[in-house]
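Student: Let me see the structure of the following:
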Amino acid sequence: MRSRTSRSLGTAAVVLTGVLALSACAGGSDAASGGGQKVTGGTIVYAHQQEPACVFGGWIEQAYLSYQVLDNLTSLDADHKVVPWLATSWKQSDDGLTWTFDLKKGVKFTDGTPLTAEAVAYNFDYWLNGGNSTALVWLDGYYKDAKAIDDTTVQIDLSRPYPRLADNLSQGYFGIQSQHALQTRSKEQNCEQPIGSGAFVVDKWNRGQDIILKKNKNYTSPPANAKHTGPAYVDTIDWKFVADPTTRVAALQGGQVDAIYDVPAVQWNTLKSGGYQLEKYVTPGRPQQIAFNTEQGPFTDEKVRQAFAYSLDRKQIVDTIGRGVIPFEGNGGVSQATPGYSEKAAGWYSQDLKKADALLDAAGWTRSGSTGVREKGGTKLTVSLPYGAGSIINADGAAILQGIKEQADKAGFDVKLEPVPQSEFFSGKYSGPDTHDLAAGYWTAVTAGILYINWRPSTPDHPNYANSAFYNDPTLEQYILDGNSAATVEAQNAAYKKAQDYIAEHALSIGVYDRLSTLAVSTKLKDVWQEHAQGGPTFYDAYFVK
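Tutor: Residues are numbered from 1 along each chain as shown. A predicted model of the protein is given here:
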């Protein structure tokens, strides 16, 4: 059952029929058998939930892919300690403005060119010049330049201290590519088949179906927290794109795939009792939250924002839909998995309909008519919430948003949920203040420095499209800047907590649930684990048993 690369999942309906037909070949009883003898080689068939535009880029879905192909300077271990990867060591100058990274010797990109300090410095400039939008916003305002001191020593100069630089470089957005490839190949080639020094190479992309990754037989540079050294054990990864969660689960149960991503909460215990390996990573950074448009519309009034927060029993909604798998998150700034998390901010609002009613009354929004929707000056309290359906918000998340709508409606809000397809959502159509009243979404991170990305003031000369609340405030900004540059972790976290409490106090954003990265794996496949920066699947150490 290992030779599966020619199988196509096709449409959801066709797949489901095919999967069930295969259940006698590799069903749940096989998956639960455990043990077995290690097999070298084979193809991992993996079902992911969505397809990005490029293998490398600024979205976490791209980071999951590029992590298989590109190596980073640093990695995070299970304790979120920064450990070596391409960099063997690093240090920060006393003034915090210069970082020096020493690189592994003898590493080559898969195009045969050497990994050098010059190539690493080129990658930094490439990111900052538009090569990766997320790497850009992480380093923007801090990065000054990068240069090679010698072949294996690269120096990063900053304009302001940034003590958690090495932590942030462990994210998949900071994978190092071949300088030669970036300079000589087309944008399309580097999009579809980026050249790194990683454990796998992109062999073929069948758009709308799958990406085939082949083993890099000359791999020499795993991170310090990997389980082995040398090349990967398997020969191939067939990274399939299967949008429907029911289809993914049925394909795993039927033996058509070896691992799936984004396990529906309703199926979690079923797969657990079936003997499948289940992995759940609570993503640090911004949780799945709802930000209020503070520039236009009814939420420019703080009392209306607070009333919306008090109208909701968010925990009840999440616990009902999430079935104990999806964690409730009250903090609108960062998730509970993030260093420097504020419990105070997380507990700021709980459902209190009397407070919600009083705040809306005080703001001049009164009930009238039979619909129960409040009005003010002849305008109904109708608020729009467009969301990335199937991309930023999965099926469980959409059900949670429906629960929020229903509870807020009872307080007199008329919430209009607008599911938006991936291409339209990422086009920027809904990024302006005149396009929505509420914005749902997340940002993954390894530190609370994500607050800088989400809340940096937006100006005409330096717009910040990640500031979905359109809230420009020097006090909030200074708290975050203090956290980003403080010399000790304790001082960083204290400043970040001030920022989170400020966000909660002024009801700029409310948390709903923590974004999860979940995997379900057949027990015929061993040592699949989630990397600790973003929770993506790691197949470098994986092997089959028989």
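Student: Let me know the secondary structure of Val512.
Tutor: Assigned with DSSP: H, G, I helix; E, B strand; the rest coil, Val512 falls in the strand class.
Student: That one reaches Ala309, doesn't it?
Tutor: No. Look at Val512 against Ala309 with C-beta atoms under 8 Å: they stay out of range, at 10.8 Å. (C-beta placed from N, C-alpha, C; glycine too.)
Student: Common neighbours of the two, please.
Tutor: Common neighbours of Val512 and Ala309 are not found (criterion: C-beta atoms under 8 Å, 6 or more residues apart in numbering).
Student: So Phe124 lies in a strand, does it not?
Tutor: No. Per three-state DSSP, Phe124 lies outside any strand segment and is helix.
Student: What distance do you get for it to Arg164?
Tutor: Here the criterion is C-beta to C-beta, to the nearest Å. By it, Phe124 lies 16 Å from Arg164.
Student: what does the average pLDDT come to for stretch 163-173?
Tutor: Average pLDDT, stretch 163-173: 97.
Student: For the protein, give me the ranges with low pLDDT.
Tutor: Scanning the chain for pLDDT under 70 picks out 1-35.
Student: Skipping its backbone neighbours, what lies nearest the residue sitting furthest away from the middle of it in space?
Tutor: Relative to the centre of the chain, the most outlying C-alpha is that of Gly369, 43.4 Å out, by C-alpha atoms, centre = their mean. Counting by C-beta to C-beta, 6 or more residues apart in numbering, the nearest residue to Gly369 once its immediate chain neighbours are dropped is Glu375, at 7.8 Å.
Student: what's whichever helix or strand that neighbour is part of packed up against?
Tutor: Secondary structure from DSSP states H and E places Glu375 in strand 374-376. Here strand 374-376 touches strand 366-367, going by 3 or more C-beta pairs under 8 Å, 6 or more residues apart in numbering; DSSP states H and E.
Student: which ones are touching Gln277?
Tutor: Leu519, Ala520, Val521, Ser522, Thr523, Leu525, Val528.
Student: switch the cut-off to 10 Å
Tutor: Counting by C-beta atoms under 10 Å, 6 or more residues apart in numbering, Gln277 touches 31, 34, 259, 271, 519-523, 525-529.
Student: Also Gly397?
Tutor: Contacts of Gly397 by C-beta under 10 Å, 6+ apart are 288, 318, 321-322, 326, 387-390, 440-442, 512-513, 515-516.
Student: Quick check: buried residues in the strand or helix carrying it?
Tutor: Element membership for Gly397, per DSSP H and E: helix 395-410. Neighbour counts over helix 395-410 (16 or more other C-beta atoms under 10 Å) mark Ala395, Asp396, Gly397, Ala398, Ala399, Ile400, Leu401, Gly403, Ile404, Lys405, Gln407, Ala408 as buried.
Student: coming back round to it: out of the contacts of Gly397, which sit inside strands?
Tutor: Those of the contacts of Gly397 mapping onto strands are Gln288, Tyr387, Gly388, Ala440, Gly441, Tyr442, Val512, Tyr513, Leu516, per DSSP state E.
Student: so Gly483 touches Tyr502, yeah?
Tutor: No. The pair Gly483 / Tyr502 is not scored as a contact, 12.0 Å apart, by C-beta atoms under 10 Å.
Student: shared neighbours, these two?
Tutor: Joint contacts of Gly483 and Tyr502 (C-beta under 10 Å, 6+ apart) are Leu451.
Student: Show me which of the two is the more surrounded one.
Tutor: Neighbour totals were compared for Gly483 and Tyr502, and Gly483 leads with 25 against 20 (other C-beta atoms under 10 Å).
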